[in-house]
Each structure stands twice: as C-alpha cells, then as structure tokens.
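# just coords:
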C-alpha cells in the first residue's frame, strides 16, 4: 500500500521518523478496514501493529480521530488535478473513472466503515469531509466551471448537486447497484453521459432550463 | 421501531410466536446498528436481547445471515408501489423523497454496516440485494418504463443506470455530500430535475440521443 504525503500534512521528518509514520498510518488502515471499523482502532492497537511506542504516535497525533483522518487522506491519493481532457465530458469521465478505480480497494472499505459510523463519530466524519472530501469536490468544481465557461455545460446547473450525483453514483456502484456486473469503465461513461444528456424526452426544454 | 411484515416473509404464526418474532427482529437491528455491525450480531446475543431461547430463533432462521436479511427487509418497509403522481417527474420525486426520508434512521445505519462489510460477507450482501434492494429497484423500473411509454422520457435511456444514479445520489446524500445542509425535500427535487434536464448545453442533442 502506498502512503504518500499529501499537501496539508506536516513537513517531512527525518527518514527514521518517516518510516515510523508510514508504519503507523498503514496499521491504522489495517485496523480500520476490519469489520469493527472505527471501534477497532485504538492508539494501543496501532502502536502494537506498527511496532512503535504509543509516545511516537502521540507526538504526532493528539487522538485517534486525527490519526484516522491522516491515514485516510494519505491512502486515498488525490484526484487527477485539472484533468487533461479537451472537453468537459472527457474531464468528467476522467474523474468518474478515478472514483470507479477506487472501488474494492482497502481504503474504500475504510471509507464505508467511517461513513457507516458517521452518527457515532460526528467530529471524525466532519474532519474527514474537510480533509479528504472537500479537496476532491474542488477538483470537480473546477471542471464543471470550465465547462460552463466554454459553453459546453448549461450556465444554470447546480454545481454542488451535480458533484453529489456523480460521486454518489460512483461510490454506490458496487453496493446497491444491479449494475455491479457492468465494467467500471462502462459504468463511469454511462453515468456521465446520462447526466450530460438527461432522461427527459423534451427536445429543447428551454423553459425548464431557466 | 415498527417491524411490519412484508410480502415474501412466512405466514403469521400464533400471536405469542409473532411477539417473539418481532422481539428477535428488533434485537437483531439493535445489534446491527452498533459500530461493530455484522460482527456484533450473533444468535446468542439476539436471543439474550430479545428474551427468547436460541431454539426459538433456530426454529425460524437457519443462520444469522438469514436473520439479518429478514430484520432489514422487515424494517425497511416497501417503497410506495405505483406512486400516484400524474407525471414521470412526480413519480420519480415520490420515490426519491421516500429514499431521502430513510436517511438518518436506524435501518440506514444498519444498511451502511452491511454494505461496508460486503467484501467480508458476500453471501449476506447477495441475499440483501435479492430480498431488499431488487424489489425496490423494480418499483423504479415500473415508473421509468411508464414514463417512456407516455413519451415523457427518452426511449433510449439506460433504465438500470438511471436507477443506480438516483439511488446512489440519495443514499450518499448525508455522507460524502457538501449538500448535506440542503433540506432532504429539496435535495430529492434537485437530483430528479438535474437528471431529467441533463447538464449539457446542447439545445437538442438529437444526435447523441439515439
């Protein structure tokens, strides 16, 4: 599992300290991916699994919630920033495919465990939104805004709603979906094209598009 | 919590046996809603919590997986069958609102715990799809097909993809969404209208709509 630094985490320490940090983040994810999710993660369990002392952990993270958010942020990796596509469709497709590729990995299992416990751990989930989800939504915002500027997308679209629909569809793909047998690439394309074209038979829909 | 019989469960037993069944299903949900999810549910724990003997449970359910599926099916309640709306939009809106109303309830927390453990419990999740998800998707299929027949919806739409997009958006609403502050009613309407109209600026899109 690759645990890379993302912007926003602290400056790199010495090599030895960095090895410890990687081991700690990896151990946190291992525990988080277990059935018990957040409940399985404790500073003690992480220390034992990472082979470090608890003090080493507390030197960097004040509590288990911050540690979990760091581990998820490091594992999740950034979405392709400013995708290189030439059209809004290509850019949205690149983002949807990136989301699709995450399905079935360990960190998506961690996400489900954190999201599933959102009511029990509201502060943890709020931090997760802030550190992990928000920057990813910002990439989507850029693509949608450029598509509106270029005239490819309707000026009146609800950008936040559009992002929620794409992210929700891709995240639930392998779960509540009968479309789970569809190849991820095709599913991503299907969602983007459905959203671009809409399902209404109205030829122009000019009235309702204001 | 109301645990109602849904079609497909066994015929009602005697009153006393029915009370036991309700207590067992309620206890199963209580345990399933805990942080540990599926791992917290055992026949022993359910028996203790419901105040019945293990034999009473085994008489009705062969294993804990079947018990969990029964409890979720009973708690979830059916979607409004054949919604009474006069248009495809009204019908889709009624379904989206029904999904929206489920957010934050105990059984949606149970769903997250079951879905989060889908990799660990593939057979349980497959049964859940079959018993709970599939009948709900079938209601959506009916609405979309009638909309196509009435000429309101494009004949070429991918019905399964459309369902996945609506269900995915509504289920993730309160989780990965920055739109979590939007009232559920407005969110449901936003998703349905976005999907009806599409986000492309193409006025007619006739070419891509074949």
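Received the coordinates, thanks. All figures in this text were calculated on a predicted structure; none of them were measured in a lab.

# just confirm residue A:61 is within a strand.
No - counting by DSSP: H, G, I helix; E, B strand; the rest coil, residue A:61 is located in no strand; its state is coil.

# got the domain boundaries for chain A?
Per automatic domain parsing, the domain ranges recorded for chain A read A:15-75, A:78-199.

# as TSV, those domains with distance to residue B:162 would be great.
Bear in mind the C-beta positions are built from the backbone N, C-alpha and C, glycine included. Below are the domains of chain A laid out as TSV (distance: least, C-beta to C-beta, whole Å):
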stretch	distance to residue B:162
domain A:15-75	31
domain A:78-199	6
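
# quick check: closest non-adjacent residue to whatever residue of chain A ends up closest to chain B.
Per C-beta to the nearest C-beta, residue A:198 is where chain A lies closest to chain B, at 2.5 Å. In space, not counting the residues next to it along the chain, residue A:198 is nearest to residue B:198; the distance is 2.5 Å by C-beta to C-beta, 6 or more residues apart in numbering or on different chains.

# which residues does that neighbour contact?
A:195, A:196, A:197, A:198, A:199, A:200, B:205 (C-beta atoms under 8 Å, 6 or more residues apart in numbering or on different chains).

# looking at those, which is nearest residue B:157?
Checking the contacts of residue B:198 against residue B:157 with C-beta to C-beta, the nearest one is residue A:199 at 4.8 Å.

# give me the phi and psi for the closest one.
phi -110, psi -10 (degrees, to the nearest 10).

# am I right that it is in contact with residue B:163?
No - using C-beta atoms under 8 Å as the test, residue A:199 is too far from residue B:163 to be in contact (11.0 Å).

# now do the contacts for residue A:116.
A:37, B:37, B:109, B:112, B:113, B:115, B:116.

# and if we set it to 7 Å?
By C-beta atoms under 7 Å, 6 or more residues apart in numbering or on different chains, the contact list for residue A:116 reads A:37, B:37, B:109, B:112, B:113, B:116.

# how near is the last one to residue B:146?
In this view, residue B:116 and residue B:146 are 35 Å apart by C-beta to C-beta, to the nearest Å.

# could you do residue A:24 as well?
Residue A:24 sits at a distance of 55 Å from residue B:146 (criterion: C-beta to C-beta).

# quick one, which of those two is more surrounded?
residue A:24 (25 against 14; other C-beta atoms under 10 Å in any protein chain shown).

# what residues does that one make contact with?
Taking C-beta under 7 Å, 6+ apart, we find residue A:24 in contact with A:46, A:50, A:52, A:57.

# give me the buried positions along stretch A:58-74.
Neighbour counts using 16 or more other C-beta atoms under 10 Å in any protein chain shown place A:60, A:61, A:64, A:65, A:67, A:68, A:69, A:70, A:71, A:72, A:73, A:74 of stretch A:58-74 among the buried residues.

# state the mean pLDDT of it.
In this model, stretch A:58-74 carries a mean pLDDT of 87.

# and it, is it in reach of chain B?
No - using C-beta under 7 Å from any C-beta of the partner chain, we find that stretch A:58-74 stays clear of chain B, coming within 12.4 Å at best.

# now the element after the longest helix seen in chain A, going C-ward?
In chain A, with assignment by DSSP state H, the single longest helix is helix A:15-32. Downstream of helix A:15-32, the next assigned helix or strand under DSSP states H and E is helix A:43-50.

# how about that following helix and chain B, touching?
No - Helix A:43-50 is not in contact with chain B by C-beta under 7 Å from any C-beta; minimum separation 14.4 Å.

# residue A:98 is in contact with residue A:170, correct?
No - counting by C-beta atoms under 7 Å, residue A:170 stays clear of residue A:98, with 9.0 Å between them.

# looking at those two, which is more packed in?
More neighbours surround residue A:170 than the other of residue A:170 and residue A:98, with 28 against 18 (other C-beta under 10 Å).

# low-confidence ranges, chain A, go.
Applying pLDDT under 70 to chain A flags residues A:1-15, A:35-36, A:77-78, A:80, A:82-84, A:104, A:174-182, A:203-210.

# show the contacting residues for the closest residue to residue A:41 other than its chain neighbours.
Closest residue in space to residue A:41, ignoring its immediate chain neighbours: residue A:31 at 4.6 Å, by C-beta to C-beta, 6+ apart. By C-beta under 7 Å, 6+ apart, the contact set of residue A:31 is A:40, A:41, A:45, A:46, A:49.
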